[in-house]
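Peer 1: give me a 3D structure for the following:
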Amino acid sequence: MVFILVGLIFLVLGLMGMYIWWWFLVEIIKGLVALSLTVLGTVFIITGGRILLRGSKQESDEKEE
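Peer 2: Below is the predicted model of the structure:
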């Protein structure tokens, strides 16, 4: 019972905080979107480079045989 009461209090405080500071949450979400796009772009570039290198290695191995 105590956990439910504390959970309800935290839920109400969290909702009040989100209502009062909604502009701050929007800024955080914008920052997280920009950060995730940067990280995903880096991952895709690294993955593409590895695929290109692996493909060129396989082609050179096939030519040697």
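Peer 1: pLDDT on stretch 26-40, on average?
Peer 2: The average of the pLDDT scores along stretch 26-40 is 96.
Peer 1: what does stretch 7-23 give?
Peer 2: The average pLDDT within stretch 7-23 is 94.
Peer 1: ok, now stretch 44-60?
Peer 2: Per-residue scores along stretch 44-60 average to 84.
Peer 1: list the contacts of that stretch.
Peer 2: Here stretch 44-60 makes contact (Cβ atoms under 8 Å, 6 or more residues apart in numbering) with no residue beyond itself. Any C-beta I mention is one placed from the backbone N, CA and C, and that applies to glycine too.
Peer 1: and it, C-alpha only, in PDB?
Peer 2: Extracted as PDB, the C-alpha positions of stretch 44-60 are listed here (Å, rounded to 0.1, in the frame of the first residue of the first chain):
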ATOM      1  CA  PHE A  44      26.100   4.400 -40.900                       C
ATOM      2  CA  ILE A  45      29.300   5.900 -42.200                       C
ATOM      3  CA  ILE A  46      31.400   3.500 -40.300                       C
ATOM      4  CA  THR A  47      29.200   0.500 -41.400                       C
ATOM      5  CA  GLY A  48      29.300   1.600 -45.000                       C
ATOM      6  CA  GLY A  49      33.000   2.000 -45.000                       C
ATOM      7  CA  ARG A  50      33.500  -1.500 -43.600                       C
ATOM      8  CA  ILE A  51      31.100  -2.900 -46.200                       C
ATOM      9  CA  LEU A  52      33.100  -1.200 -49.000                       C
ATOM     10  CA  LEU A  53      36.400  -2.400 -47.600                       C
ATOM     11  CA  ARG A  54      35.100  -5.900 -47.200                       C
ATOM     12  CA  GLY A  55      33.700  -5.900 -50.700                       C
ATOM     13  CA  SER A  56      37.000  -4.700 -52.200                       C
ATOM     14  CA  LYS A  57      38.900  -7.400 -50.200                       C
ATOM     15  CA  GLN A  58      36.600 -10.100 -51.500                       C
ATOM     16  CA  GLU A  59      37.000  -8.900 -55.100                       C
ATOM     17  CA  SER A  60      40.800  -8.900 -54.800                       C
END
